[in-house]
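Participant: With the input below, show me the fold.
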Amino acid sequence: MKRLVLLPLLAAVAACGPAKEAPAPPPEATGTGAAPSADLEPVDALVGEYRVAGIDGAPLDAPFGLALSVSAERITFDAPCGGYGWEYRLEGAGLRTARTASPDPECLAAARVHHLVFDLAAALDAATSAGRDASNAVVLAGGGHTVTLYSQ
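Facilitator: Numbers count the residues shown, from 1 in each chain. Below is the predicted model of the structure:
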């Protein structure tokens, strides 16, 4: 009998509690984050030495710097355990990259490498567009990622 009285009482108490909120919708892509902005000016070429200023819309905030070297056909990133390399093709604002070099897996298994190294590589793997923003930065974007670069 006690159980029968207790069940309606518990149901009434539960109904008085705060309602669970629906999960927040995913954030919209903006020019500073995951998607390229329509405000980007086309670039004629990417050749040069660049300082990585941001990845995925967040400024690079690390006790070390990241840099890219870009020739007419290749992007290189001197990272621990051998670094990364990509062949690329720039056609208007369109960019295609194909990874041609990756760090040695055995070395990576034994090394301590900051996540920004992998974040940069993933963003470059996904890049499908290139342009220059209002601050004169080169922005590579695609696949929900962005990389913000300044000439050195």
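
Participant: Point to the helix or strand of this structure where mean pLDDT is at its lowest.
Facilitator: Within the chain, judged by mean pLDDT, DSSP states H and E, the helix or strand with the poorest mean is helix 2-16; its value is a mean of 43.

Participant: Tell me the first helix or strand C-terminal of that one.
Facilitator: Using DSSP states H and E, the helix or strand that follows helix 2-16 in sequence is strand 48-55.

Participant: what's next to that next one, contact-wise?
Facilitator: 59-60, 65-70, 116, 119-120, 123, 137-138, 145-152 (Cβ atoms under 8 Å, 6 or more residues apart in numbering). Where you see a C-beta, it was placed from the backbone N, CA and C, and this is true even at glycine.

Participant: now do stretch 142-152
Facilitator: Stretch 142-152 is touched from outside by 29, 32-36, 48-57, 67-68, 95, 120, 122-129, 133, 136-141, with contacts defined as Cβ under 8 Å, 6+ apart.

Participant: Quick check on those: which are buried?
Facilitator: Judged by neighbour count, with 16 or more other Cβ atoms under 10 Å as the criterion, the buried members of these are 32-36, 50, 52-57, 68, 95, 120, 122-124, 126-127, 129, 133, 137-141.

Participant: quick one: contacts for Leu68?
Facilitator: For Leu68, the contacting residues are 49-50, 52, 75-77, 149, by Cβ under 8 Å, 6+ apart.

Participant: and of those, the nearest to Glu91?
Facilitator: Distance to Glu91, by Cβ to Cβ, is smallest for Ile75 among these, at 15.5 Å.

Participant: So the closest one sits against Arg96, correct?
Facilitator: No - the pair Ile75 and Arg96 fails to qualify as a contact (Cβ atoms under 8 Å) at a distance of 11.5 Å.

Participant: which of those two has more neighbours?
Facilitator: The residue with the greater number of neighbours, taking Ile75 and Arg96 and applying other Cβ atoms under 10 Å, is Ile75; the counts read 22 against 13.

Participant: so how far is Leu149 from that one?
Facilitator: 10 Å (Cβ to Cβ, to the nearest Å).

Participant: Next SSE downstream of the strand or helix carrying Thr76?
Facilitator: Per DSSP H and E, Thr76 falls inside strand 74-77. Remark: after strand 74-77, the chain's next helix or strand is strand 84-91, criterion DSSP H and E.
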